[in-house]
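S.K.: missing the sequence, but the structure's below:
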């Protein structure tokens, strides 16, 4: 039977992955929700106006929205379907995206209710990453402890 930690990581990965696939798709196409897509376009236009440095670098509000949406979809798919270390990389990239989104919302002066989701999902991504790293560290410690015990047993046998 799987440990509670493993079940937690799998459940968080799956739920977060689906959420980010959904949100990224809304940023990229109006097929899921025309109203939400229009709202995303409006929001990213305000972010583009608040960050004139992006325009100087050749990044329009449309390109910014598409980059963030594509990152969310790609990392969401990895979190949902791909096993192993790539999940941690996708988790970290999404955490950076959430920090950027929080920065954008603060920059344009949005009220908390407009960016509370980014805070919540940033916290969930942080928890998932910490739990995943904690279990990996634990496995490494157990393996090194077993190796140490095996070496001690071999030394005892040699001495006998």
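M.R.: Received the coordinates, thanks. Everything numeric in this text was worked out from a predicted model, so none of it was measured.
S.K.: Check which helix or strand residue 23 maps to.
M.R.: helix 4-28 (DSSP states H and E).
S.K.: before we move on, what about residue 58?
M.R.: Here residue 58 is assigned to no helix or strand, by DSSP H and E.
S.K.: how near is it to residue 85?
M.R.: Counting by C-beta to C-beta, to the nearest Å, the gap between residue 58 and residue 85 amounts to 33 Å. Every C-beta, even on glycine, is put in place using the N, C-alpha and C of the backbone.
S.K.: the more surrounded of those two?
M.R.: More neighbours surround residue 85 than the other of residue 58 and residue 85, with 10 against 7 (other C-beta atoms under 10 Å).
S.K.: ok, now which ones touch the more buried one?
M.R.: Taking C-beta atoms under 8 Å, 6 or more residues apart in numbering, we find residue 85 in contact with no residue.
S.K.: Who are the packing partners of the helix holding residue 23?
M.R.: helix 34-50, helix 61-81, helix 85-108, helix 112-159 (3 or more C-beta pairs under 8 Å, 6 or more residues apart in numbering; DSSP states H and E).
S.K.: mind checking how far that helix is from the chain centre?
M.R.: Chain-centre distance of helix 4-28: 9 Å, with C-alpha atoms, centre = their mean, to the nearest Å.
S.K.: List the buried residues of it.
M.R.: 8-9, 12-13, 16-17, 19-21, 23-28 (16 or more other C-beta atoms under 10 Å).
S.K.: coming back round to it: any idea which of the helices and strands packed on helix 4-28 gets closest to residue 1?
M.R.: Residue 1 sits nearest to helix 112-159 of all the helices and strands packed on helix 4-28, at 15.6 Å, using C-beta to C-beta.
S.K.: Just want the angle from that closest one to helix 4-28.
M.R.: 140 degrees (axes from the mean of the first three to the mean of the last three C-alpha atoms, to 10 degrees).
S.K.: tilt between helix 112-159 and helix 61-81?
M.R.: Using the same axes, to 10 degrees, helix 112-159 lies at 40 degrees relative to helix 61-81.
S.K.: pLDDT of helix 112-159, averaged?
M.R.: Summarised as a single mean, pLDDT over helix 112-159 is 80.
S.K.: can you give me how far it is from the chain middle?
M.R.: On C-alpha atoms, centre = their mean, the centre of helix 112-159 falls 18 Å from that of its chain.
S.K.: In this structure residue 46 contacts residue 108, no?
M.R.: Yes. Shown here, residue 46 and residue 108 form a contact pair, counting by C-beta atoms under 8 Å, at 4.9 Å.
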